[in-house]
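# Structure here, sequence nowhere to be found:
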């Protein structure tokens, strides 16, 4: 007899795996990160029944909700999604219509069932969503939503995130956003899209070159570098309005790679504004206070990233050893140390939300391309997440630490891709070209 799984088991299990992983030996790192998501063939099974339209105008919305919700929950990897071909023939709209025997037996063998209905009333979608433990026949979640008729996709994302939270205790990513760069030649702008690549909208309209987008922690600002004044400088705009916010520009040198501190009060960046070397700086969010952290002649620094767990450490790239490598420095300029010492060319370090891992792009010695690697900062253990084709660069963490976005030119030009923390589940999410993804809840 198959052991029954109940909702409380999943967060308990994930907590056990995460806590246990911290005590494992370094050689087990790949196994550790493989346990952060549910791999195919293991863990509980979750069925997403087709949403039932309650009136004729709701038919398109019901189909879209079903599609998007299934895709969101599949990518979340909190459970194995039961294939549609294995579903029983009945489509429950209400709890009393669920045939628990059919959903729990072969071929569906579902541990959990998500279902619901939708109506169009006036200019609103009225949506009812349910989550049941099929084996125990217990209702775990029930809610009614009201959304404008054009927001069926948004509704599905919100339902997905609430189901993830219910089953795991972890925040979902379906309602999160990704900013990125797109454009050709000397003309590029910042765009924003839903996490799955839908709803792409242009954010900047500088008519110049825009690079290095970075979200503020609250998602209400985007800092980036623009050439619109002739010299690359940091600009900050409110999101989604695009209103310019104060930050100083410098008349000379190159200023790159702005990134907000975890509390949003500071911005780290690199600039050659004071010399012919690109140094690391920290400034208050409005630029009224600026501190220089490094001061080495002939050295290039780039890609600073704050540790989101401590808010006190900054990982960055420096070529002080001859080739670009990863270093960490305290936000006051003290305690500089090198954390990657294996040669080659490193770029774009990115801390995981819990501060345990650094994802980064690296072209190891004798390699011909960049790939994405993951480092356990405490042990120095490294695992490779991508393996070509093309160059794979600029990793960015999902807000829940279970997935990564990155850029790859595997199809001939750079586009944005997503993958799970163990390197599986790779999917392309842009079609207009994309570089430098940055993720926010």
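Received, thanks. Nothing here was measured: the structure is a model prediction, and the numbers come from that model.
# domain parsing for the protein?
9-14+44-168, 177-440 (automatic domain parsing).
# Under the pLDDT cut-off, which ranges of the chain? List them.
1-27, 41 (pLDDT under 70).
# how about the helices in it?
9-21, 29-34, 59-76, 100-104, 152-168 (DSSP state H).
# if we can go back for a sec, and of the domains of the chain, who's closest to residue 29?
domain 177-440 (4.4 Å; Cβ to Cβ). (Each C-beta comes from the backbone N, C-alpha and C, glycine too.)
# first vs last residue of the closest one, how far apart are they?
Separation of the first and last residues of domain 177-440 by Cα to Cα, to the nearest Å is 6 Å.
# Include mean neighbour count when you put the domains of the chain into JSON lines, please.
As requested, the domains of the chain are exported to JSON lines (neighbours: other Cβ atoms under 10 Å):
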{"stretch": "domain 9-14+44-168", "mean neighbour count": "19"}
{"stretch": "domain 177-440", "mean neighbour count": "19"}
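# CSV for those domains, including distance to residue 36?
Below are the domains of the chain laid out as CSV (distance: least, Cβ to Cβ, whole Å):
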stretch, distance to residue 36
domain 9-14+44-168, 8
domain 177-440, 5
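# Residue 33 is nearest to which of those domains?
Comparing those by Cβ to Cβ, domain 177-440 comes nearest, at 5.1 Å.
# Now render the helices of the chain as CSV, adding distance to residue 227.
CSV is the format used below for these (distance: least, Cβ to Cβ, whole Å):
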stretch, distance to residue 227
helix 9-21, 43
helix 29-34, 39
helix 59-76, 36
helix 100-104, 57
helix 152-168, 34
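# Which of these sits closest to residue 421?
Closest approach to residue 421 among those (Cβ to Cβ): helix 29-34, 5.2 Å.
# where along the stretch 251-400 of the chain do the strands fall?
255-260, 266-271, 279-284, 290-292, 301-306, 313-318, 325-330, 337-338, 345-351, 357-363, 371-376, 382-384, 392-397 (DSSP state E, counting those that start in this stretch).
# With the stretch 101-250 of the chain instead?
Using DSSP E, counting those that start in this stretch, strands in the stretch 101-250 of the chain cover 112-121, 124-133, 138-148, 177-184, 187-194, 201-202, 210-215, 221-226, 233-238, 244-245.
# Make CSV out of those strands and add distance to residue 94.
Shown next, in CSV, are those (distance: least, Cβ to Cβ, whole Å):
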stretch, distance to residue 94
strand 112-121, 7
strand 124-133, 8
strand 138-148, 10
strand 177-184, 34
strand 187-194, 30
strand 201-202, 37
strand 210-215, 40
strand 221-226, 43
strand 233-238, 43
strand 244-245, 49
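# and residue 302, which of these is closest to it?
strand 210-215 (9.6 Å).
# How far does stretch 299-310 sit from its chain's centre?
18 Å (Cα atoms, centre = their mean, to the nearest Å).
# start to end distance for that stretch?
Across stretch 299-310, the terminal residues are separated by 27 Å (Cα to Cα).
# which outside residues touch it?
Contact with stretch 299-310 is made by 256-257, 259-262, 268-270, 277-280, 294, 313-320, 324, 328, 331, 347-356, as judged by Cβ atoms under 8 Å, 6 or more residues apart in numbering.
# Now for residue 176: which residues touch it?
194, 195, 398, 399, 439, 440, 441.
# For it, which non-adjacent residue is closest in space?
residue 195 (4.6 Å; Cβ to Cβ, 6 or more residues apart in numbering).
# likewise residue 393?
Nearest residue to residue 393, sequence neighbours excluded (Cβ to Cβ, 6+ apart): residue 361, at 4.1 Å.
# Hmm, the one you found is touching residue 348, no?
Yes - at 4.9 Å, residue 361 and residue 348 qualify as touching, with contact defined as Cβ atoms under 8 Å.
# any shared contact partners between those two?
Common neighbours of residue 361 and residue 348 (Cβ under 8 Å, 6+ apart) are 393, 394, 395.
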